[in-house]
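K.L.:
here is my input, please return the structure:
(one chain, ligands or ions: 2)
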Amino acid sequence: MTHDQLVIVLTTAAWSGGVGLGGGVILWLGRRASLRWLMVGVATTAVLAVVAGTVATSRAMFLSSHDLGVISLVAVVAGIVAVLVALAAGSVLARWSRDLRDDARRFGESGSFVSEVSGPVEFTELSEELRRTSERLAESRARELALEQSRRELVSWVSHDLRTPLAGLRAMTEALEDGLADDPARYHAQMRAEVDRMVRMVDDLFELSRIHAGVLRLSPQPVALGDVVSEALAGADSVARARGVRLGGRVDEDVLVSADPAGLSRVVSNLLMNAIRHTPTAGVVEISARAVPDGVELSVTDACGGLSDEDISRVFDVGWQGSSARTPDHAGATGGAGAGLGLAIVKGIVEAHLGRVAVSNHDPGCRFLVTLPG
Ligand SMILES: Nc1ncnc2c1ncn2[C@@H]1O[C@H](COP(=O)(O)OP(=O)(O)OP(=O)(O)O)[C@@H](O)[C@H]1O
Ligand SMILES: [Mg+2]
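P.N.:
Ligands and ions are numbered 1, 2, ... in the order given. Reported below is the predicted structural model:
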């Protein structure tokens, strides 16, 4: 580079740099203005920087005054064109951003984000991000709605389930009071049974509310799964006999799991009782437990005749009891229907242990599979 060129570069750099800096400061101060004016500001700064450089070089005698006049004229025309282009580009940008704002506003009102905004990648990214947010919002709204729905159902189901035995109790006490009961001892026994059932139900509700409130206190310790299963089998034996259901169990020796003993036996006995209740006379209920690489697996298989897809998706819902469970016939047939809380409690306890529970059809019935981390 020759000496002259060096001087030109330095002079221009100094002057244009100064103008650029000034323009930058003004743009910064006006950063809250519309995109359109910011674009105009950028274009004007660019043109003024060229003009400043040109004037400076002419002052340093590198340009004749005639050349300066020509260049100035060119700069003025080019500047006007640049500002117009900037104004147009700024308007388009401003319109895109206004459209995006309107879409976002509609998103706020309707809860779903639909946008056709194109434009620079930043805009499409923003729009894509809003679309994803709207999807997540819709999902959580659906979850909330389902939860709300099941809460409402629970209240109506539970009040239904409490009203029936209470009406029975009232009728029986009235009969006893009026001396109309021909067999008071039978009435007493039946009242006792009804009260026991309601106590069980209230206990279940209480347990469930503790699970949902997240205050379920677990004291995990090494538990021999074989012992828990044997205990549950012993506890269910009389019911199984009464219903003519055969119980079978196979637990691998020495399967240990770290779990809350009371919680675990509740899980096993709830599953076992359900299986017995849904297995016809002479059917078989099979319970087995084994160690798997990532913990232990406990399965209860019955002969319920299979569950529909809808049943499978709802069995763990709080209060859900299948379509026919709340009719008096069914309640009688199963020796006093429950309240549809058993499996919700099973799920709550298993998940509090960081485990999983699932149900699948398994000829001639279904299988509940609990997996607990070792
Ligand atoms: N082993 C099973 N085989 C077939 N259906 C089952 C089985 N276990 C549960 N179900 C279905 O799932 C529903 C919910 O079961 P859950 O244990 O939660 O309630 P419940 O047994 O009806 O009452 P609770 O357990 O509160 O006394 C049952 O009413 C039944 O329809
Ligand atoms: Mg149950």
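K.L.:
and the stretch 251-374 of the chain, which residues reach ligand 2?
P.N.:
Contacts of the stretch 251-374 of the chain with ligand 2, taken as C-beta under 5 Å from the ion, map to N274, G338, G342. For the C-beta atoms, the positions are set from N, CA and C on the backbone; glycine is no exception.
K.L.:
tell me the residues of the chain that contact ligand 1?
P.N.:
204, 274-275, 278, 302, 304, 307, 315, 320-322, 325, 337-344, 366 (C-beta under 6 Å from any ligand atom).
K.L.:
could you list which of the residues you listed belong to helices?
P.N.:
D204, N274, A275, G342, L343, A344 (DSSP state H).
K.L.:
which two of those have the greatest separation?
P.N.:
D204 and A275 (17.8 Å; C-beta to C-beta).
K.L.:
show me which of the two is the more surrounded one.
P.N.:
When D204 and A275 are compared for neighbours, A275 comes out ahead with 27 against 20, by other C-beta atoms under 10 Å.
K.L.:
which strand or helix spans G119?
P.N.:
Of the helices and strands defined by DSSP states H and E, none includes G119.
K.L.:
ok, now which ones touch the closest residue to it other than its chain neighbours?
P.N.:
Distances taken as C-beta to C-beta, 6 or more residues apart in numbering put W96 closest to G119, at 4.0 Å, once the chain neighbours are dropped. By C-beta atoms under 8 Å, 6 or more residues apart in numbering, the contact set of W96 is V117, S118, G119, P120, F123.
K.L.:
and the first one, its phi and psi?
P.N.:
Pointing back at V117 there. phi -60, psi 130 (degrees, to the nearest 10).
K.L.:
contacts only, for it.
P.N.:
Contacts for V117 were tallied using C-beta under 8 Å, 6+ apart; they are W96, D99, L100, D103, F123, T124, S127.
K.L.:
equivalent analysis for the fourth one, please.
P.N.:
Residues in contact with P120, defined by C-beta under 8 Å, 6+ apart, are L93, W96.
K.L.:
now it: how far from L93?
P.N.:
From P120 across to L93, the span is 8 Å (C-beta to C-beta, to the nearest Å).
K.L.:
between the ones in helices among the residues of the chain next to ligand 1, which sits nearest S134?
P.N.:
A344 (31.1 Å).
K.L.:
now for the contacts of W96: which two are most distant?
P.N.:
Across those, the longest distance by C-beta to C-beta is 10.2 Å; it joins V117 and P120.
K.L.:
domain assignment for the chain?
P.N.:
3-119, 218-374 (automatic domain parsing).
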